[in-house]
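Asker: sequence plus predicted model, see below.
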Amino acid sequence: MSDYLKKKFEFNTIPFDADFDITKEFPLIIISYATKSNNGEGKEIMFAIAHVLNRFGFTSFNGYQVKAGQNWQKEWYGIMPQAKIAIIILSPEYFESEACRKECLELIMNNTIKLIPIQFGMPNMKGYFLGDDVEQIKAANILKQRILNVLPPPDQGSFKDNWEKNCQAMINRIKELLPDTVTCTLEAGQAEEQLCAGTDGDDGSGGGVISIINPQVVEQSANSILNPIEQLAKASDEDDLERCVRLGDWVEEYEKILKLVKAKEAAKEKKNFKLAKTLKAKIDAFPKTIEEFEKLQLEEAAEVARVKAEEEAAEVA
């Protein structure tokens, strides 16, 4: 796996606020988890998953992101119906939590939300595992019927046992469920529209920054990185593996450029043409194709090697 993907799949447990403007939009994904999971590591596991989603451009929401003073149930259940996907983080402790049982049943009964259950140790789902009164038995039966295709399968250990592989499988499953979703953290909205337009503005600030990049080429490059197992399996020599890494680097740099594009458009709207012109210059300097990017990388590597050789030669002398 390339260093680029390893960075994407890094197990980062640092909490962060909602990665979208909760007052103006809804997240793509909502997360259900039990804080007491895995000896009290539930929150850390949840944020590690959320970080991976964030790096691939998927906005997500969890109960821990509810602001102080807000009612978490009102926020979570108010947002839940608008999500496209629910990631249910199963653990032996999950169904022991009344709040988790309620969340899970609500998610299941909402037929518009796609479910992706992932397990960090399977909960007990045998017999009357929620209790033996009629309502508890009915709830248990619903859960047994709907909690399917758990990732990874229980006989393959827990999600964390093979973290990078299972993260890749989770991202792939999201892509399958939502094929039209952009998965490379590419900026959307006006910046992306400008990318496709490729026309210069009349104000001299350069609206047509997108003509420097072929979005289709970027998408192809992104796909080859976001599906590294197939890509690496075909690698016949070290050069192919190195190219996988360079593709990842290019996509990562492309993501940064799209943010500059968005900033430039905002500067134009505010009639700050000086800033827009400065940003355009930075954007124009970006390589137009992966081949140009590779060429620049190789030239930089050659220059570093040349300087190092000169320094070593000077030391010997």
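Answerer: Structure received.

Asker: elements contacting the helix or strand hosting E315?
Answerer: Assessed by DSSP states H and E, E315 sits inside helix 290-316. In terms of contacts (3 or more C-beta pairs under 8 Å, 6 or more residues apart in numbering; DSSP states H and E), helix 290-316 is packed against helix 238-269. Using the backbone N, CA and C atoms, a C-beta is placed for each residue, glycine as well.

Asker: convert the helix or strand that comes right after the helix it packs on to CSV, retaining C-alpha atoms only.
Answerer: Downstream of helix 238-269, the next assigned helix or strand under DSSP H and E is helix 273-284. In CSV, the C-alpha atoms belonging to helix 273-284 read as follows (Å, rounded to 0.1, in the frame of the first residue of the first chain):
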residue,chain,number,x,y,z
PHE,A,273,-9.0,41.1,-8.0
LYS,A,274,-5.4,41.5,-6.7
LEU,A,275,-5.8,38.4,-4.4
ALA,A,276,-7.6,36.5,-7.2
LYS,A,277,-4.7,37.2,-9.6
THR,A,278,-2.2,36.0,-7.0
LEU,A,279,-4.2,32.8,-6.5
LYS,A,280,-4.5,32.3,-10.3
ALA,A,281,-0.7,32.4,-10.6
LYS,A,282,-0.4,29.6,-8.1
ILE,A,283,-3.1,27.6,-9.8
ASP,A,284,-1.5,28.0,-13.3
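
Asker: buried residues in helix 273-284?
Answerer: By neighbour count with 16 or more other C-beta atoms under 10 Å, helix 273-284 contains the buried residues F273, A276, K277, L279, K280, I283.

Asker: and which of these is nearest K160?
Answerer: I283 (40.0 Å; C-beta to C-beta).

Asker: the closest one against V261, yeah?
Answerer: Yes - using C-beta atoms under 8 Å, I283 is in contact with V261, at 6.2 Å.

Asker: distance of the nearest residue to I257 once chain neighbours are set aside from K264?
Answerer: Sequence neighbours aside, F286 is the residue nearest to I257 in space, at 5.0 Å (criterion: C-beta to C-beta, 6 or more residues apart in numbering). The spacing between F286 and K264, counted by C-beta to C-beta, to the nearest Å, is 12 Å.

Asker: list the contacts for E96?
Answerer: Residues near E96 by C-beta atoms under 8 Å, 6 or more residues apart in numbering: A34, K36, P123.

Asker: if we go to 7 Å?
Answerer: E96 makes no contacts at all, as judged by C-beta atoms under 7 Å, 6 or more residues apart in numbering.

Asker: so for the closest residue to K160 other than its chain neighbours, what's the pLDDT?
Answerer: Nearest residue to K160, sequence neighbours excluded (C-beta to C-beta, 6+ apart): F120, at 5.9 Å. In this prediction, F120 carries a pLDDT score of 96.

Asker: again, but for the one 10 residues further on
Answerer: What the model reports for L130 is a pLDDT of 92.

Asker: any idea how many residues pack against it?
Answerer: Counted with other C-beta atoms under 10 Å, residues neighbouring L130 total 21.

Asker: look up how far Q65 lies from it.
Answerer: Taken as C-beta to C-beta, the span from L130 to Q65 is 28 Å.

Asker: same check, this time on K271
Answerer: 36 Å.

Asker: between the two, who's got more neighbours?
Answerer: For K271 versus Q65, the count of surrounding residues by other C-beta under 10 Å is larger for Q65: 22 against 10.

Asker: show me the contacts for that one.
Answerer: Q65 neighbours (C-beta under 7 Å, 6+ apart): D17, A18.

Asker: cool, A48 as well?
Answerer: Here A48 is in contact with F11, N12, T13 (C-beta under 7 Å, 6+ apart).

Asker: tell me, what residue is most central in this protein?
Answerer: The chain has F56 as the residue nearest its centroid, 2.2 Å off, counting by C-alpha atoms, centre = their mean.

Asker: assign a three-state SS to G121, would you?
Answerer: Under DSSP: H, G, I helix; E, B strand; the rest coil, the three-state class of G121 is coil.

Asker: that one and L258, how far apart?
Answerer: For G121, the distance to L258 (C-beta to C-beta) stands at 39 Å.

Asker: pick out whichever of those two has more residues nearby.
Answerer: A direct count of neighbours by other C-beta under 10 Å for G121 and L258 places L258 higher, at 23 against 16.

Asker: okay, that one: pLDDT?
Answerer: At L258, pLDDT is 72.

Asker: ok, the one 4 residues further on next?
Answerer: According to the per-residue confidence, K262 scores 75 in pLDDT.

Asker: measure it to A18 for me?
Answerer: Distance of K262 to A18, computed by C-beta to C-beta: 19 Å.

Asker: cool, and W76?
Answerer: From W76 to A18 the distance is 12 Å (C-beta to C-beta).
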